[in-house]
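S.K.: Sharing a model prediction with you, sequence too.
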Amino acid sequence: MAELRWGEVRSYLDECECALLEELSRARGTLHEPVPGGWTIAQIVHHLVRTEQVMYLIWAVVPKFRRFPRFVKAADGANAAIWRWMGMRTVESANGKLTTANATDGRYRAPVFLRPANGVKSYDELVEWRRRTRDRSLRAITAIDDETLNSLRWSHPLLGSYTLMEFAQFLGIHERHHLPQIQRIREAERGQMV
């Protein structure tokens, strides 16, 4: 696989952000509508933001330990094991890594610490929380050169090893992964209103 460049990844993140914010804007009045057996749209956004907050550590901490590869490898293995122990499971396989090409494939069960809370944030609060979280991630990522982003690796607990650059791209992939879920909820709510 060819190395990714930050400019391309950043463009992809911007595309994904536009798509997500457009859907959220359309769903503004139904963010907190209960979904039988599932998450509300607000809870999906909460999950996306919480996941990104946890992923921030990949760019903020992992590069600091690059001179200690055995330590990074041990921490990586322990991290993946903890996520699985905390409940992360594959429900329906995407047949490999999630990529920009198959971002909407597969279904997964989030670990306990990434499941959304029942709190009620307004549309504006959710969007602002997401914006602050994304800004922090982008600052951490842009502080690392492309060579390091493409050479250091970290493991997704279920999907295998990614470079730190691929993990940056994964922020958008994760948003794309949940976009059809948001659209289905919004469409179902609209159908009930008719």
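M.R.: Ah, there it is.

S.K.: From now on I want contacts and neighbour counts done on CA atoms only, so please keep to that.
M.R.: Will do.

S.K.: pLDDT weak spots in this structure?
M.R.: Where the chain drops to pLDDT under 70, the residues are 1, 189-194.

S.K.: all strands of it, in order?
M.R.: Taking DSSP state E as the criterion, the chain carries its strands at 89-92, 107-109, 153-156, 160-163.

S.K.: out of those, which comes closest to residue 46?
M.R.: With distances scored as C-alpha to C-alpha, the stretch of those nearest to residue 46 is strand 107-109 (15.0 Å).

S.K.: What helices and strands are in contact with the closest one?
M.R.: Of the remaining helices and strands, those touching strand 107-109 by 3 or more C-alpha pairs under 8 Å, 6 or more residues apart in numbering; DSSP states H and E are strand 89-92.

S.K.: can you pull the contacts of the residue nearest to residue 169 when sequence neighbours are not counted?
M.R.: Nearest non-adjacent residue to residue 169, counting by C-alpha to C-alpha, 6 or more residues apart in numbering: residue 9, 5.5 Å away. Contact partners of residue 9, counting by C-alpha atoms under 8 Å, 6 or more residues apart in numbering, are 165, 168-169.

S.K.: would you list the residues you listed in JSON lines and tack on distance to residue 45?
M.R.: Formatted as JSON lines, the entries for those read as follows, by distance: C-alpha to C-alpha, whole Å:
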{"residue": "165", "distance to residue 45": "23"}
{"residue": "168", "distance to residue 45": "18"}
{"residue": "169", "distance to residue 45": "18"}
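
S.K.: got these as JSON lines, with neighbour count and distance to residue 70 columns?
M.R.: As requested, the contacts of residue 9 are exported to JSON lines (neighbours: other C-alpha atoms under 10 Å; distance: C-alpha to C-alpha, whole Å):
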{"residue": "165", "neighbour count": "25", "distance to residue 70": "21"}
{"residue": "168", "neighbour count": "25", "distance to residue 70": "23"}
{"residue": "169", "neighbour count": "22", "distance to residue 70": "25"}
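
S.K.: Kindly confirm whether my reading is correct that residue 133 touches residue 52.
M.R.: Yes - A contact is recorded between residue 133 and residue 52 when judged using C-alpha atoms under 8 Å, the distance being 7.1 Å.

S.K.: what residues do the two have in common as contacts?
M.R.: Residues touching both residue 133 and residue 52 by C-alpha under 8 Å, 6+ apart: none at all.

S.K.: hang on, the earlier thing: looking at the contacts of residue 9, spot the one nearest residue 15.
M.R.: Each of those was scored against residue 15 by C-alpha to C-alpha, and residue 169 proved nearest at 11.3 Å.

S.K.: quick one: the closest one and residue 110, what's the gap?
M.R.: Here the criterion is C-alpha to C-alpha, to the nearest Å. By it, residue 169 lies 19 Å from residue 110.

S.K.: out of the strands of the chain, deepest packed?
M.R.: Highest mean neighbour count of the strands of the chain: strand 153-156, a mean of 19 (counted as mean count of other C-alpha atoms under 10 Å).

S.K.: where exactly do the helices run in this structure?
M.R.: With DSSP state H applied, the chain shows helices at 6-26, 41-60, 69-85, 123-142, 146-151, 164-193, listed in chain order.
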